[in-house]
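Student: got a predicted model here, sequence first, then my questions.
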Amino acid sequence: MIDSRRWLWIAGLLLLGWLLYLLHPILAPFLIGVLLAYLGDPLVDRLERWKLSRTWGVILVFVLFGLIFALMLLVLVPMLGKQLLRLYELTPQMLDWAQHQALPWVQAQLGLGDGFWRFDQLKAALSGHLGKTTDILGLVLSRATASGLALVAWLANLLLIPVVTFYLLRDWDLMLAKLRGLLPRSREGLVVTLFGECHEVLGAFLRGQLLVMLALGLVYASGLMLVGLELGLLIGLLAGLASIVPYLGVVVGVAAALTAGVFQFGGELYPLLAIAAVFVVGQLLEGMLLTPLLVGDRIGLHPVAVIFAIMAGGQLFGFSGVLLALPVAAVIMVLLRHAHDFYKLSALYGESPSGSDEPPSPA
């Protein structure tokens, strides 16, 4: 009976995985809704403790999220659009600089042959593309509207996100209570403990790490813009987003910022030192203040595991897999930690029947 029940659970999990694989093209708005509801639930719970009803708490949180989103649309998006357009215009000049200044210097230092670098074909192709259109928005819209059904589906998914988020956030505690009521009574304590640890890890990551990424993006962008780097906002926010993987943000940011700085300022030393100082200050703030305060030591995901989880999720499930990758990896880490503890307590790990560490003597 126990074996048949175990095989039934395994079959159910396999069926659930198969259904998720089949439905992954439509999962993105629901996953984003679950993420936003999970992030907003503590705020709604705090408002409930202030004697506010659950529905009005959800409405206030929605207003807060809406104001943040509107602020991004009104302030951040136009600035980023200008910098993206500027980057688009500067790309041929950057290729010229790389071909006639940077690469010859590297070639002379490394003793490479005269025909080692071949940028002529790339530059010609890019210049031809730039000559066809200078309206990036028009190009994007023309491709997006090439398929009317695809555009309608994309807009429907976008509008579905706030609807899913509202209902999930309103009924979040009720759904958790019903799920707990469905747990087997004999296993309720263990399952609740596992879910509690998973919640701690996910909360530390989703809330803490996202806040660290936001703070670093603001620090990098503000510092680079104060230095006078033309693409400072774009590079700073890119470095902040890349900080989801430890040390990747500073590597990407320093490489991109120094490249843009050398192209903009030439061989001037002080602007390049100021760019490096921005990232040094950002790393000091992250290591000494942001990560200990916002994240702590509860995640424990190795950087290689983070990279593998993101790549594996994207390969298996596309954008939905990228959204799921790190939460699933954090949950798997908690389960593996408990499996390790069970293994340490099992007879398989225990001592030999003789209780001695000495190898048996030959007969």
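Tutor: Perfect, I can see it now.
Student: please enumerate the helices of the stretch 151-300 of the chain.
Tutor: 172-181, 188-203, 210-227, 232-242, 248-265, 269-285 (DSSP state H, counting those that start in this stretch).
Student: which outside residues touch the shortest one?
Tutor: Going back to what we said before, that points to helix 172-181. Helix 172-181 is contacted by residues 37, 38, 41, 44, 45, 54, 168, 188, 192 when judged by Cβ atoms under 8 Å, 6 or more residues apart in numbering. Every C-beta, even on glycine, is put in place using the N, C-alpha and C of the backbone.
Student: same question for the third one.
Tutor: Contact partners of helix 210-227, identified using Cβ under 8 Å, 6+ apart, comprise 39, 232-233, 235-237, 239-241, 243-244, 249, 253, 257, 261, 271, 274-275, 277-279, 281-282, 285-286, 290-291, 294-295.
Student: can you give me the buried ones in that helix?
Tutor: Taking 16 or more other Cβ atoms under 10 Å as the neighbour-count basis, helix 210-227 is seen to contain the buried residues 212-217, 219-221, 223-225, 227.
Student: which pLDDT does the model give residue 237?
Tutor: Among the per-residue scores, residue 237 shows a pLDDT of 90.
Student: how many other residues sit next to it?
Tutor: Counted with other Cβ atoms under 10 Å, residues neighbouring residue 237 total 23.
Student: ok, the closest residue to it other than its chain neighbours to residue 173 distance?
Tutor: Computed as Cβ to Cβ, 6 or more residues apart in numbering, the closest residue to residue 237 that is not its neighbour in sequence is residue 217, at 4.7 Å. When distances are taken as Cβ to Cβ, to the nearest Å, residue 217 and residue 173 turn out to be 32 Å apart.
Student: show me the helices in the stretch 1-150 of the chain, by range?
Tutor: Taking DSSP H, counting those that start in this stretch as the criterion, the stretch 1-150 of the chain carries its helices at 2-23, 28-49, 54-71, 77-97, 103-110, 120-132, 136-144, 148-170.
Student: pull the distance from the second one to the chain's centre.
Tutor: Between the mean C-alpha location of helix 28-49 and the chain-wide mean there is a distance of 18 Å, by Cα atoms, centre = their mean, to the nearest Å.
Student: same question, the fifth one
Tutor: The chain centroid and the centroid of helix 103-110 are separated by 37 Å under Cα atoms, centre = their mean.
Student: show me what counts as buried in that helix.
Tutor: By neighbour count, and taking 16+ other Cβ under 10 Å as the criterion, helix 103-110 has no buried residues at all.
Student: which of the buried residues of helix 210-227 lies closest to residue 84?
Tutor: Out of the buried residues of helix 210-227, the one with the shortest distance to residue 84 is residue 221. That distance is 14.1 Å, counting by Cβ to Cβ.
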